[in-house]
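1. Sequence first, then the predicted structure:
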Amino acid sequence: MKKLLGLFGLAIMVACQSNQSAEANQEEPQQVVKTDHHSENIAKVFEAHGGFEKWASMKQLSYTKGGESTVTNLNNRKIKLVSDTKTIGYDGENVWVMPDTVEVGNARFYHNLYFYFYAFPFVVGDPGVFYEDIEPKEILGTTYNGIKITYDEGVGDSPKDYYIIWYNPETYKMEWLMYTVTFRSGERNENYRLINYGDWAEFEGLLLPTSLQWYQYQDDEIGEKRGDKVAFENINISTEAPSDDIFAMPEGAQLAPMPTRE
C-alpha cells in the first residue's frame with residue numbers, strides 16, 4: 001500500500017511539473033506583421049529607419065515634449081498624456097480627460113496628434129494604407145522622391161487625410177512630411193502643412209526623431225519656420241507592453257466627443 005501511495009504521489013508530482021513546464025513554455029501570442037501591402041519604395045524607407053518588422057516588435061513608446069509626458073501601447077494605440085494642468089487618455093474605446101474642470105472639446109483631435117507625427121514613417125505601415133509614388137519635388141534646394149499616403153474608409157478618426165513622405169533618393173531616409181487636416185470638416189482637401197524631420201537618433205535599432213520643425217506652406221510655396229522646434233526628450237521604446245491600468249478611464253473623467261459634422 002505504501003508503495004502504491006508513493007507511486008501515486010510521484011505521478012502527481014510529475015504531472016504538475018509537466019503542466020508547469022508547458023505553461024512556462026507558452027509564449028505570449030505574437031502580433032502578426034502584415035507587410036504584403038507595402039510598396040517597394042515605402043519598404044525601403046522603413047528599412048532605412050531600422051525596418052518595419054523591428055518596429056512591429058516594439059510594444060511601448062514613451063517620451064516627453066515640453067512639460068507633457070506621453071506613453072503609448074504600440075500594439076493597440078492606447079495612449080496617455082500627462083501635463084501639469086490635465087491628463088488625457090485613450091482606453092481603446094474612449095478618449096477621456098481629467099480633471100472635469102478643463103475644456104474637453106479639442107482632446108479627441110489632440111490625444112494622438114504628436115504621437116502620429118513622431119512615429120513616422122512607421123505609423124503608415126499598418127493595413128488599410130495605400131502608397132503612390134509621385135513626382136520628385138525640390139524643397140529648399142534639395143530634390144526628394146515622394147510617396148503619397150491615403151487610407152481605406154473607416155481607418156482611424158480621419159481616413160480622408162493625405163500624407164506625403166519626402167525621402168532622400170540615395171539613402172531613403174525620410175526628411176520631410178506634408179499632410180492635410182480633415183478631422184473637423186471630414187472633407188478631403190489639398191491644403192498641405194509641412195514638417196521637417198532633420199534630427200534623428202537611434203533607439204533600439206530604430207531611427208526616431210528628436211525634434212520636428214514646422215514650416216509655413218501655402219500655394220506650393222515654402223515660407224519661414226513656424227515657431228521653434230518641437231523637441232522630444234526621455235525617449236524610450238521597448239518590447240515590454242505597458243499595463244492596461246495606465247490607460248483606464250478614472251472615475252469622474254470627461255469623455256471627449258467626436259466633432260459634429262454636417
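-> Looks like it arrived, so ask away. Quantities reported herein were computed from a predicted structural model and do not represent experimental measurements.

2. From the structure, what's the count of residues near the residue nearest to G92 when sequence neighbours are not counted?
-> Nearest non-adjacent residue to G92, counting by C-beta to C-beta, 6 or more residues apart in numbering: K78, 5.3 Å away. Backbone N, C-alpha and C define where each C-beta goes, glycine included. Here the count is done by other C-beta atoms under 10 Å, and K78 has 21 residues near it.

3. correct me, but K78 touches M249?
-> No - in this structure K78 lies outside contact range of M249 using C-beta atoms under 8 Å: 10.9 Å.

4. so where's the stretch 1-150 of the chain shaky on pLDDT?
-> Residue ranges of the stretch 1-150 of the chain with pLDDT under 70: 1-32.

5. Which residue ranges of it form helices?
-> Applying DSSP state H, counting those that start in this stretch to the stretch 1-150 of the chain gives helices spanning 2-25, 40-48, 52-56, 107-110, 113-118.

6. now do the stretch 151-262 of the chain
-> Shown for the stretch 151-262 of the chain, no helices are assigned by DSSP H, counting those that start in this stretch.

7. Any regions of it where pLDDT drops low?
-> By pLDDT under 70, the low-scoring segments of the stretch 151-262 of the chain are 153-160, 182-190, 259-262.

8. check contacts around T64.
-> 70, 232-234 (C-beta atoms under 8 Å, 6 or more residues apart in numbering).

9. quick one: which of the residues you listed has the most company?
-> Each of the contacts of T64 was scored for neighbours by other C-beta under 10 Å, and T70 scores highest at 22 neighbours.

10. ok, the residue nearest to that one when sequence neighbours are not counted to P127 distance?
-> Distance criterion C-beta to C-beta, 6+ apart; nearest residue to T70, sequence neighbours excluded, is L81 at 5.0 Å. Look at L81 and P127: by C-beta to C-beta, to the nearest Å, they are 26 Å apart.

11. same check, this time on G252
-> Applying C-beta to C-beta to G252 and P127 gives a distance of 36 Å.

12. follow-up on the earlier one: which one of L81 and P127 is surrounded by more residues?
-> Each of L81 and P127 has its neighbours counted (other C-beta under 10 Å); L81 has more, 23 against 11.

13. In this structure the more buried one contacts Y90, no?
-> No - L81 lies out of contact with Y90 (C-beta under 8 Å); the separation is 9.2 Å.

14. Give me the common contacts of those two.
-> In contact with both L81 and Y90: H111, using C-beta under 8 Å, 6+ apart.

15. so how far is H38 from L255?
-> Using C-beta to C-beta, L255 is found at 36 Å from H38.

16. try I165
-> Computed with C-beta to C-beta, the distance linking I165 and H38 is 13 Å.

17. got it, and N106?
-> Going from N106 to H38 by C-beta to C-beta gives 33 Å.

18. What are the buried residues along stretch 198-210?
-> For stretch 198-210, burial by neighbour count (16 or more other C-beta atoms under 10 Å) applies to 200, 203, 206-210.
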